[in-house]
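K.L.:
Fold the following, please.
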Amino acid sequence: MDQNELKRQVAQAALAYVEPGTVLGVGTGSTVDLFIEALAASGMELAGTVSSSERSTQALTAAGFKVLEAAAVERLSTYIDGADEIDPMGHMIKGGGAALTREKIVADLADRFVCIADASKCVDVLGRFPLPVEIIPMAAPQLIRRFAQLGGQAQVRPGCVTDNGQLILDVRGLSIADPLAVEAEVSQWPGVVTVGIFARHRARVALIGTPDGVRTLKFA
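P.N.:
From the prediction side, this is the model:
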């Protein structure tokens, strides 16, 4: 079974976590694109959605869903998004699609983060996937040096400007055994907008696509 079919399976399974008539948080990425397709095909009525990127906003609008500004919403019951990596505790690396800041903002509004991913995204320790960090451009050289002190090799993602007008550093060579601590540390560095470790905003449920079907993981 190809990776796209695994993504399609978890996108369909995520519909069970959507409460009709509510405002739903919707993330960004190829798996989320398939979820939006499945949501539209389901005919489910929503009061609205809050989107984490211009890409998802366009897809949701095209599918006939109302997209609300995050500032207009006090809370969401559920946020559905993918991940670049997820560990056994539900901590994630996100930001491969450069939407990590808005993803974290929407996740912060939600009572429950439902992660949809294929089995290739499951790891024992975060860091195999390069860690995305959204930064203010003038800070790039000093942040590259700071990551080097941690043993990481950081470089500016070529040709990438985020929806917020900032740059992305991709950091290779890190083994993130304590995601909460690393998230807290890097978030304090001057020039960092958002680090793509989702530990404080970790998944509560993960729907993992495998050749044997969708595996559901729940994190306390």
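K.L.:
C-alpha only now, for contacts and for neighbours.
P.N.:
Noted.
K.L.:
just checking, what packs against the worst-scoring helix or strand of the chain on mean pLDDT?
P.N.:
One helix or strand of the chain scores below all others by mean pLDDT, DSSP states H and E: helix 3-13, with a mean of 91. Applying 3 or more Cα pairs under 8 Å, 6 or more residues apart in numbering; DSSP states H and E, we find helix 3-13 packed against helix 30-42, strand 110-118, strand 205-210, strand 213-218.
K.L.:
and it, how far from the chain's centre?
P.N.:
Distance of helix 3-13 from the chain centroid (Cα atoms, centre = their mean, to the nearest Å) equals 16 Å.
K.L.:
buried sites along it?
P.N.:
Buried positions in helix 3-13, judged by neighbour count with 16 or more other Cα atoms under 10 Å: Leu6, Lys7, Arg8, Gln9, Val10, Ala11, Gln12, Ala13.
K.L.:
which among those gets closest to Glu45?
P.N.:
Relative to Glu45, the closest of the buried residues of helix 3-13 is Gln12; by Cα to Cα it sits at 16.0 Å.
K.L.:
Stretch 77-90 - what's its average pLDDT?
P.N.:
Across stretch 77-90, the average pLDDT comes to 97.
K.L.:
do stretch 97-104 as well
P.N.:
96.
K.L.:
oh, and call the first residue 463 from now on, that's how I've got it
P.N.:
Okay, using 463 as the starting number, the last item reads as stretch 559-566.
K.L.:
which residues touch the residue nearest the centre of the chain?
P.N.:
Nearest to the geometric centre of the chain sits Lys556, at 4.5 Å (Cα atoms, centre = their mean). Applying Cα atoms under 8 Å, 6 or more residues apart in numbering, we find Lys556 in contact with Gly544, Ala545, Asp546, Glu547, Leu562, Leu593, Pro594, Gly658, Ile659, Phe660.
K.L.:
Kindly reformat those residues as JSON lines containing secondary structure and distance to Arg607.
P.N.:
Below are the contacts of Lys556 laid out as JSON lines (DSSP: H, G, I helix; E, B strand; the rest coil; distance: Cα to Cα, whole Å):
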{"residue": "Gly544", "secondary structure": "coil", "distance to Arg607": "30"}
{"residue": "Ala545", "secondary structure": "coil", "distance to Arg607": "27"}
{"residue": "Asp546", "secondary structure": "coil", "distance to Arg607": "24"}
{"residue": "Glu547", "secondary structure": "strand", "distance to Arg607": "25"}
{"residue": "Leu562", "secondary structure": "helix", "distance to Arg607": "22"}
{"residue": "Leu593", "secondary structure": "strand", "distance to Arg607": "15"}
{"residue": "Pro594", "secondary structure": "strand", "distance to Arg607": "16"}
{"residue": "Gly658", "secondary structure": "coil", "distance to Arg607": "18"}
{"residue": "Ile659", "secondary structure": "strand", "distance to Arg607": "19"}
{"residue": "Phe660", "secondary structure": "strand", "distance to Arg607": "23"}
